[in-house]
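Asks: could you look at this predicted model? Sequence included:
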Amino acid sequence: MDKPRHDLAQMRKSYEQAALDESHVHPQPVDQFHQWFDEAMKAQALEPNAMTLATVSADGRPSTRVLLLKGADERGLVWFTNYDSRKGQELEANPFAAMQFFWGELERVVRIEGKVERIAPAESDEYYSSRPLGSRIGAWASPQSQVLASRADLEAAWVKQQAALGEAPPRPPHWGGYRLVPDRWEFWQGRSSRLHDRIVFVQQAGGGWVLQRLAP
């Protein structure tokens, strides 16, 4: 039997930095998220708004990808993408998703689940206009998630769109924002001996939140 490339079974880390107690958690989960996000920024986490988004296809096959969060308030969490991409097609078939933030510098994870909706066109227009020009052109040039013959074809499409669109391209009709409206939040703080703290908020029928502790 070949020797394994890496001794993965022996890779481990003891989490010792902090604790998470119910009495110190904000009653509104979005406020707790913003507190942890601020602390991730202060800790100089690498791209603290990077998140893993999980969607599920019509036939039940899950997929994930890393995206950047671009908005978070009481209404939900927002990102932008090509509506015709794989994730867009899966959200059309099954409008529920889960996202996860991992801030290793603080030994923390946030997991969020809920229904996904498109944001208003005006909101997408506003964000699109704030992007660098190259990224705005890229939204026109890239047939996201489709097979490409080569990198050269993608770059040629970008040059073609740049010449056609000029300095003020409009937002493509196939590109815009989604909002995940949470009905479940989990805040995970690493602890020693794998006895991690897991505090979950579950939304009730009336809109309020119930706070619970989960076993690690």
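Replies: Yep, it's here. Numbers count the residues shown, from 1 in each chain.
Asks: ok, so what distance separates the most centrally placed residue in the chain from residue 88?
Replies: In the chain, the C-alpha nearest the mean C-alpha coordinate belongs to residue 51, at 3.5 Å (CA atoms, centre = their mean). Using CB to CB, to the nearest Å, we find residue 51 at a distance of 17 Å from residue 88. C-beta coordinates here come from the backbone N, C-alpha and C atoms, glycine included.
Asks: same deal with residue 151?
Replies: To residue 88, residue 151 is 23 Å away according to CB to CB.
Asks: the more surrounded of those two?
Replies: More crowded of residue 151 and residue 88, by other CB atoms under 10 Å: residue 88, with 20 against 8.
Asks: how far is stretch 186-199 from where the chain is centred?
Replies: From the chain centre to the centre of stretch 186-199 is a distance of 21 Å (CA atoms, centre = their mean, to the nearest Å).
Asks: oh, that last question was meant for stretch 174-192, not what I typed.
Replies: Mean C-alpha position of stretch 174-192 versus that of the full chain (CA atoms, centre = their mean) differs by 7 Å.
Asks: with just CA atoms, put it into CSV.
Replies: Written as CSV, here are the backbone C-alpha positions of stretch 174-192 (Å, rounded to 0.1, in the frame of the first residue of the first chain):
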residue,chain,number,x,y,z
HIS,A,174,-28.7,38.5,-16.3
TRP,A,175,-26.6,39.9,-13.4
GLY,A,176,-27.8,41.1,-10.0
GLY,A,177,-28.2,40.5,-6.3
TYR,A,178,-29.7,37.8,-4.1
ARG,A,179,-30.7,38.0,-0.5
LEU,A,180,-30.8,35.1,1.9
VAL,A,181,-33.5,35.7,4.4
PRO,A,182,-32.4,33.8,7.5
ASP,A,183,-34.6,31.5,9.5
ARG,A,184,-31.6,29.9,11.3
TRP,A,185,-28.3,31.2,12.5
GLU,A,186,-25.5,29.3,14.3
PHE,A,187,-22.5,30.8,16.0
TRP,A,188,-19.7,28.4,16.6
GLN,A,189,-16.7,29.1,18.9
GLY,A,190,-13.9,26.6,19.0
ARG,A,191,-13.1,25.3,22.5
SER,A,192,-10.5,22.9,24.0
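Asks: in it, what counts as buried?
Replies: Of the residues in stretch 174-192, those buried by neighbour count under the rule 16 or more other CB atoms under 10 Å are 175-180, 182-183, 185-191.
Asks: out of these, which one sits closest to residue 25?
Replies: Of all the buried residues of stretch 174-192, residue 187 has the smallest distance to residue 25: 7.1 Å, by CB to CB.
Asks: quick one on the thing from earlier: list the contacts of the residue nearest to the centre of the chain.
Replies: By CB atoms under 8 Å, 6 or more residues apart in numbering, the residues touching residue 51 are 66-69, 79, 99-101.
Asks: what helix or strand is it on?
Replies: For residue 51, the enclosing helix or strand under DSSP states H and E is strand 50-56.
Asks: likewise residue 18?
Replies: For residue 18, there is no enclosing helix or strand under DSSP H and E.
Asks: that one: neighbour count?
Replies: Around residue 18 there are 13 other residues, counting by other CB under 10 Å.
Asks: one more: residue 150?
Replies: Counted by other CB under 10 Å, the residues lying close to residue 150 total 8.
Asks: pLDDT score assigned to it?
Replies: On the pLDDT scale, residue 150 is placed at 97.
Asks: Provide the secondary structure category for the closest residue in space to residue 187 that isn't next to it in sequence.
Replies: Ranked by CB to CB, 6 or more residues apart in numbering and with sequence neighbours excluded, the top spatial neighbour of residue 187 is residue 199, at 4.8 Å. Going by DSSP: H, G, I helix; E, B strand; the rest coil, the secondary structure assigned to residue 199 is strand.
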